[in-house]
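[1] Here you go, sequence then predicted model.
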Amino acid sequence: MASKAFRKISFVIIFLTLCAACMPGFNLMASATQTPLAPTATIWLLPTSTSVPPDPSLPTPIPPTAEPVSQGLDNVKLYLVAIGDNGGTGTLIGCGDSLVPVDVRITPTLGVLRAALNELFKLEGQQYYGQSGLYNALYQSDLVIEDVAVVGSEARIVLTGTLTLGGVCDGPRLEEQLKALALQFSTVERVSIYINGESLEDVLSLK
């Protein structure tokens, strides 16, 4: 009986051994326990950029433009005379008159003193400024600019032409008109005026 039982056990062992050799699952499990699998890399796919069509309900953006370059002042003051006003509407000057400023538009420029002189000389032949009743002591004179310069705080005005006065009071009136025109600018503190190479003071002293 013992030998028969031993033969049965031996048969079972042989059978299990043969089954293990025939079944690949046993080998795969064994290799899995012996050699770990290498980790795999994860690849993330990012969405490609796509253009979004503009929303027609929104306003169209305006591209920025360059800042305009400053071209200087676009207005100056001319100084005319209120005869016999005695300082009532302006600055009191000789002969009991008033010196009154008038704003004039000019083409924007950095040479504002020259531009102001040109505007004043354009009034040649006009004894009074429009309907204002303001008197222009230069109306009989024919003057042009030879040179204008501001050195330090002094304006130097050089004129050529003919200076004609309408009376003894026109001398101080004309002088005040020219000097006030230059002194309106903050960089000017003193004014020197020459006509045909002589100082205005000398010219007026001979009139």
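    Good, I have the coordinates.
[2] just checking, what packs against the lengthiest strand in the chain?
    The longest strand of the chain (DSSP state E) is strand 97-109. Judged by 3 or more C-beta pairs under 8 Å, 6 or more residues apart in numbering; DSSP states H and E, the packing partners of strand 97-109 are strand 73-82, strand 91-93, helix 112-121, helix 170-183. C-beta: built from backbone N, CA, C; applies to glycine.
[3] List the buried residues of that strand.
    For strand 97-109, burial by neighbour count (16 or more other C-beta atoms under 10 Å) applies to Asp97, Ser98, Leu99, Val100, Pro101, Val104, Ile106.
[4] I'd like the helices and strands packed on strand 97-109 laid out as CSV, including distance to Gln140, mean pLDDT and mean neighbour count.
    Formatted as CSV, the helices and strands packed on strand 97-109 follow (distance: least, C-beta to C-beta, whole Å; pLDDT from 0 to 100; neighbours: other C-beta atoms under 10 Å):
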stretch, distance to Gln140, mean pLDDT, mean neighbour count
strand 73-82, 14, 96, 20
strand 91-93, 19, 97, 16
helix 112-121, 12, 97, 19
helix 170-183, 8, 97, 21
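[5] among those, which is nearest Tyr128?
    strand 73-82 (8.4 Å; C-beta to C-beta).
[6] Skip the chain neighbours and tell me the closest residue to Leu113.
    Nearest non-adjacent residue to Leu113, counting by C-beta to C-beta, 6 or more residues apart in numbering: Val148, 5.5 Å away.
[7] Now do the contacts for the nearest residue to Ile106 once chain neighbours are set aside.
    Once flanking residues are discounted, Ile106 sits nearest to Ala115: 4.8 Å by C-beta to C-beta, 6+ apart. By C-beta atoms under 8 Å, 6 or more residues apart in numbering, the contact set of Ala115 is Val76, Ile106, Thr107, Thr109.
[8] Could you check how far Ala115 is from Asn75?
    Distance, Ala115 to Asn75, using C-beta to C-beta, to the nearest Å: 10 Å.
[9] same deal with Arg173?
    23 Å.
[10] Then Thr89?
    Distance from Thr89 to Asn75, by C-beta to C-beta: 20 Å.
[11] where exactly do the strands run in this protein?
    73-82, 91-93, 97-109, 142-151, 154-162, 190-195, 198-199.
[12] Tell me which of those strands sits nearest to Ala180.
    In terms of C-beta to C-beta, the element of those nearest to Ala180 is strand 73-82, at 4.1 Å.
[13] now the closest one and strand 97-109, what's the angle there?
    160 degrees (axes from the mean of the first three to the mean of the last three C-alpha atoms, to 10 degrees).
[14] Great, nothing more from me.
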